[in-house]
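Visitor: Quick one: sequence plus predicted model below, questions after.
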Amino acid sequence: MTTDQFWELIAESRRGVGPADRAGKLEHQCRRMKQRAGLPPKEILEYERIFGTYYFAAYRYDLWAAAYVIWSGCSD
């Protein structure tokens, strides 16, 4: 899996989401990702590597502060 394929998978999982609240969008996205569970093990591991790279890069004080201001609070 390439980085472009990773982001396409993310975009695909978000398609069709209406103006629901954040929790509803996340539940919808998780269901769509589970539908793609048929990925080969090598691609699942590569997805996890790419996800981890972005996740830890975004785990910064300044981004948490912005999220807190925007959403009046923030959690994992």
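Guide: Perfect, I can see it now.

Visitor: Touching, Arg36 and Leu9? I think so.
Guide: Yes. If you go by CB atoms under 8 Å, Arg36 and Leu9 touch, sitting 6.6 Å apart. Every residue, glycine included, has its C-beta placed from N, CA and C.

Visitor: How far away from the center of its chain is stretch 47-54?
Guide: Taking CA atoms, centre = their mean, to the nearest Å, one finds stretch 47-54 lying 10 Å from the centre of the chain it belongs to.

Visitor: Repeat that for stretch 63-76.
Guide: 16 Å.

Visitor: re earlier: so if I had to pick from Arg36 and Leu9, which one is more boxed in?
Guide: Leu9 (18 against 13; other CB atoms under 10 Å).

Visitor: How about the contacts made by that one?
Guide: 1, 33, 36, 47 (CB atoms under 8 Å, 6 or more residues apart in numbering).

Visitor: can you tell me how far it sits from Leu26?
Guide: 16 Å (CB to CB, to the nearest Å).

Visitor: which residue ranges form the helices in the chain?
Guide: Along the chain, counting by DSSP state H, helices occupy 3-14, 22-35, 41-58, 61-71.

Visitor: With only the CA atoms kept, save the first one in PDB.
Guide: Extracted as PDB, the C-alpha positions of helix 3-14 are listed here (Å, rounded to 0.1, in the frame of the first residue of the first chain):
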ATOM      1  CA  THR A   3       0.600   6.700   0.800                       C
ATOM      2  CA  ASP A   4      -1.700   7.700  -2.000                       C
ATOM      3  CA  GLN A   5      -3.600   4.400  -1.600                       C
ATOM      4  CA  PHE A   6      -3.800   5.000   2.200                       C
ATOM      5  CA  TRP A   7      -5.400   8.400   1.700                       C
ATOM      6  CA  GLU A   8      -7.800   7.100  -1.000                       C
ATOM      7  CA  LEU A   9      -8.900   4.400   1.500                       C
ATOM      8  CA  ILE A  10      -9.500   7.100   4.100                       C
ATOM      9  CA  ALA A  11     -11.400   9.200   1.500                       C
ATOM     10  CA  GLU A  12     -13.500   6.200   0.400                       C
ATOM     11  CA  SER A  13     -14.500   5.400   3.900                       C
ATOM     12  CA  ARG A  14     -15.800   9.000   4.400                       C
END
